[in-house]
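Engineer: structure for the following, please:
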Amino acid sequence: MMKWLAILLMAPALALAADAQLRLDRAPDRSNDMHALQNGAKLFINYCLNCHSASYMRYNRLRDVGLSDDQIREKLMFTADKVGELMRIALQRDEAKAWFGVAPPDLTVIARARASEFGSGADWLYTYLRTFYRDDSRPTGWNNVVFENVGMPHVLWELQGEQVMGDDHHLKLARPGKLKAEEYDALVADLVGYLKYMSEPMSEYRKSLGVAVLIALSVLFVFSYALKREYWKDIH
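Structural biologist: Numbers count the residues shown, from 1 in each chain. Just a heads-up that it's a prediction; the model follows:
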């Protein structure tokens, strides 16, 4: 009994230690950058939506990041006919499992899902998409620092280049990609910004509404306090 109690007491500390070892990089905040969110949407549809669905997200929600229906239709809709359709894919789960060993997860709420595990879903995704490295022992030829033995190949490798794991357990760029390191980091930040937005499209509206409500309550408090003083002045 005492043994299991000790394990239970140590579990939170072990979890914190595991998270600390990840050393997640801080993702730049793109929540109020419409241009970055639009670029992130384009990256998501071109690089992610081939295998990963976003089946709880409709194309017309891209209006929220400043795109018109015509822009959505002409530049971002390749597998759907109407802007009101969900972001689904043609790839079947059984086919995906046969190719990758596991069916690629739906990404609609991936940022929130990772946030529940690691504190910041955006930081986890930002680090994950920048820490792929060549590993010939894996079926896809790729592995990842924060997601060991991941089944997903590095779909952005032509942009980032090919990294390898050095003897010192640090990543090294073995073959440069089309983008410089800072350019690739900025691109990933845009993609992560869109994934975070997609997980909770109403987040910014909710925050601004909350601020407005607090301001209104503060004004109401001032008037209420003034009324209270006026009402009780003759008594006190």
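Engineer: just for the chain, where's the confidence low?
Structural biologist: 1-22, 95-101, 202-209, 236 (pLDDT under 70).
Engineer: give the buried residues for stretch 183-192.
Structural biologist: Neighbour counts using 16 or more other Cβ atoms under 10 Å place 184, 185, 186, 187, 188, 189, 190, 191, 192 of stretch 183-192 among the buried residues. Where you see a C-beta, it was placed from the backbone N, CA and C, and this is true even at glycine.
Engineer: over to stretch 173-180?
Structural biologist: Under 16+ other Cβ under 10 Å, the buried positions of stretch 173-180 are 177, 179.
Engineer: tell me how far the helix or strand containing residue 162 lies from the chain's centre.
Structural biologist: For residue 162, the enclosing helix or strand under DSSP states H and E is strand 161-165. Strand 161-165 has its C-alpha centroid displaced from the chain centroid by 23 Å (Cα atoms, centre = their mean, to the nearest Å).
Engineer: adjust the sequence numbering to begin at 52 for everything that follows.
Structural biologist: Done: numbering now begins at 52, and the last item shifts to strand 212-216.
Engineer: list the helices and strands it packs on?
Structural biologist: strand 183-185, strand 222-227 (3 or more Cβ pairs under 8 Å, 6 or more residues apart in numbering; DSSP states H and E).
Engineer: give me the contacts around it.
Structural biologist: Identification of contacts with strand 212-216 by Cβ atoms under 8 Å, 6 or more residues apart in numbering yields 182-186, 194, 222-228.
Engineer: how about those residues in TSV, adding distance to residue 119?
Structural biologist: TSV is the format used below for these (distance: Cβ to Cβ, whole Å):
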residue	distance to residue 119
182	36
183	35
184	40
185	41
186	43
194	41
222	40
223	44
224	39
225	43
226	40
227	37
228	32
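Engineer: which of those sits closest to residue 268?
Structural biologist: For the contacts of strand 212-216, the residue nearest residue 268 by Cβ to Cβ is residue 182; the value is 44.7 Å.
Engineer: that older thread, which member of the contacts of strand 212-216 is positioned nearest residue 166?
Structural biologist: Among those, and counting by Cβ to Cβ, the member closest to residue 166 is residue 182, at 18.4 Å.
Engineer: hmm, back to that, between the buried residues of stretch 234-243, which is closest to residue 271?
Structural biologist: Checking the buried residues of stretch 234-243 against residue 271 by Cβ to Cβ gives residue 243 as the nearest, at 39.1 Å.
Engineer: show me the two of the buried residues of stretch 234-243 that sit farthest apart.
Structural biologist: Set against one another by Cβ to Cβ, the buried residues of stretch 234-243 have their most distant pair in 235 and 243, with a gap of 12.4 Å.
Engineer: and for the residue nearest to residue 228 when sequence neighbours are not counted, the neighbour number?
Structural biologist: In this structure, residue 228 finds its nearest non-sequential neighbour in residue 212, 3.3 Å apart by Cβ to Cβ, 6 or more residues apart in numbering. For residue 212, the neighbour count with other Cβ atoms under 10 Å is 18.
Engineer: can you pull the buried residues of stretch 109-124?
Structural biologist: Neighbour count says stretch 109-124 has 109, 110, 112, 113, 116, 118, 123 buried, by 16+ other Cβ under 10 Å.
Engineer: now do the contacts for the closest residue to residue 248 other than its chain neighbours.
Structural biologist: Among residues not flanking residue 248 along the chain, residue 88 sits closest, at 5.8 Å (Cβ to Cβ, 6+ apart). Residues counted as contacts of residue 88 (Cβ under 8 Å, 6+ apart) are 81, 116, 117, 241, 244, 245, 248.
Engineer: show me which helix runs longest in this structure.
Structural biologist: helix 254-283 (DSSP state H).
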